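S.K.: make a model of this:
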Amino acid sequence: MNPSVKIFSGTGSQHLATKIAQRFGAPLGKVNIQKFSDGEFQPIFLESIRGDYVFLIQSTYAPTDNLMELLLMIDAAKRASAYKIVAVLPYYGYARQDRKDKPRVAIGSKLIATLLEAAGADRVITMDLHAPQIQAFFDVPVDHLDSSAIFIPYIEQMKLKNLCFAAPDVGSTNRVREIASYFNTEMVICDKHRKRANEIASMVVIGDVVGKDIVLIDDICDTGGTLAKAAGLLIEKGAVSVRALCTHAILSGKARENIENSALEELVVCDTIPLRFETPKIKVLSVADLFAIAIRNAYENKSITSLFIHSQLRNRERQ
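M.R.: Next up, the predicted model:
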């Protein structure tokens, strides 16, 4: 007999997990997070998962309780004799700590990978890691989904006349270049220099944006400061319009103020993290269908290559 699929969610991703389970065609499993007066908590599965293929959905954004909750759920599933345990992290927290960029600092993304494996995860499914090489920190399979599968149809339906893509920093160049290649259009780079985290000292535009409808692409919108500064600079340089597409809407600090007061026409984000606030400038696209397909293909041992932009580019070249 094939193992059954059971999908569970931590408290931080309930809304998205419910949609993923609906798209997959299975009810969301029952789990209780028992909380104690000292702040400690204990996940308890309220149904048998012995011999089952268990998918645990939880984005590990702040607070770190979300990460600890996921680790405890993995451990509980392992001790309940689950057949396979797949950690589904729509947003992988601590991904920006991917290297030693200064002396005496931790590599947080590697530590998280180690913790997930030590807890008992057999596979990880995530989306738009801040640095793709984080996949190498794991010794279990990682399915790294790409938000371009969601953003490309949205860009196509906008039908912008003079489309041009922009990377808000040098680190986003490869991601933006792939999408620009898909549309066979130009891209520019907003090169920034930081004094410290979340504070930009200077920024310059590399490339011509006069008369262009600019689409900024990035993986994370934290305070929105980079996007706001880039949008203003692009308009100053002659762009007709500027909008931004970012996968993970962290939206911390002065994000609302930065976005609402910026030259951005809209900020399009995914629902990998629950939206902290609403504003007319922000539109949310769901990743539920994409994760439901990835979960089904993982369960059925099928490829997920068709979900990636490079596969779509190859198919276009063959036609």
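
S.K.: what about the nearest residue to Thr64 once chain neighbours are set aside, how many neighbours?
M.R.: Spatial nearest neighbour of Thr64, excluding adjacent residues (C-beta to C-beta, 6 or more residues apart in numbering): Gly93 at 8.0 Å. C-beta: built from backbone N, CA, C; applies to glycine. Gly93 has 22 neighbours, counted by other C-beta atoms under 10 Å.

S.K.: test my guess that Gly93 contacts Ala62.
M.R.: Yes. The pair Gly93 / Ala62 is scored as a contact, 7.3 Å apart, by C-beta atoms under 8 Å.

S.K.: ok, Arg14 to Ala119 distance?
M.R.: If you look again at residue 14, you'll see it is Gln, not Arg. Noted for Gln14: a distance of 21 Å to Ala119, by C-beta to C-beta, to the nearest Å.

S.K.: swap in Arg243?
M.R.: Distance from Arg243 to Ala119, by C-beta to C-beta: 40 Å.

S.K.: repeat for Val240
M.R.: Separation of Val240 from Ala119 (C-beta to C-beta): 50 Å.

S.K.: please apply the same query to Ser148.
M.R.: 30 Å.

S.K.: and Ile7, by the same measure?
M.R.: 18 Å.

S.K.: higher neighbour count, the two?
M.R.: The neighbour comparison of Ile7 against Ala119 (other C-beta under 10 Å) goes to Ile7, with 23 against 18.

S.K.: surely that one is in a strand?
M.R.: Yes. With DSSP: H, G, I helix; E, B strand; the rest coil as the criterion, Ile7 is part of a strand.

S.K.: what sits against it?
M.R.: Applying C-beta atoms under 8 Å, 6 or more residues apart in numbering, we find Ile7 in contact with 17, 20-21, 24, 26, 28-29, 55, 57, 295.

S.K.: do the same with Ser252
M.R.: 62, 222-223, 276.

S.K.: recalculate using a threshold of 7 Å.
M.R.: Ser252 sits next to 222-223 when contact means C-beta atoms under 7 Å, 6 or more residues apart in numbering.
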